[in-house]
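Chemist: only geometry, no sequence info:
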């Protein structure tokens, strides 16, 4: 792992939201093999990509009118990850 990477732990519902909302191949390629898992899974993301995902989720809410609570929660979490560089679930909860 490099200094530019963040390990992000994701719940099944968070991965579902990301597969619906995030079209970036680097993200989808990691998430698709994990789609059937009901466990917490970890993906590796570049810090710049984390920033873009946080922005994409915010855009989906503000401009896209998404009011799904799961999208709002994930958006807040990615804002936190972007600010802190910490993708552990225990840090968020």
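Modeler: Happy to help now that I have it. Given the structure is predicted, the values throughout are model-derived calculations rather than measurements.
Chemist: What are the boundaries of the strands in the chain?
Modeler: With strands called from DSSP state E, the chain shows them at 5-10, 41-46.
Chemist: So in that sheet, which strands flank the last one, and in what orientation?
Modeler: In the sheet containing strand 41-46, the strands it pairs with under DSSP bridges are strand 5-10 (antiparallel).
Chemist: contacts for the partner strand?
Modeler: 1, 18, 34, 40-47, 50, 81, 85-89 (Cβ atoms under 8 Å, 6 or more residues apart in numbering). All C-beta spots, glycine's among them, are computed from the backbone N, C-alpha and C.
Chemist: In PyMOL, select just the buried ones from those residues.
Modeler: With 16 or more other Cβ atoms under 10 Å as the criterion, this PyMOL line picks the buried residues out of these:
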select buried, resi 18+41+43+45+50+81+87
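Chemist: My guess is residue 28 contacts residue 21. True?
Modeler: No - using Cβ atoms under 8 Å, residue 28 is not in contact with residue 21, being 10.7 Å away.
Chemist: who has more neighbours, these two?
Modeler: residue 21 (20 against 12; other Cβ atoms under 10 Å).
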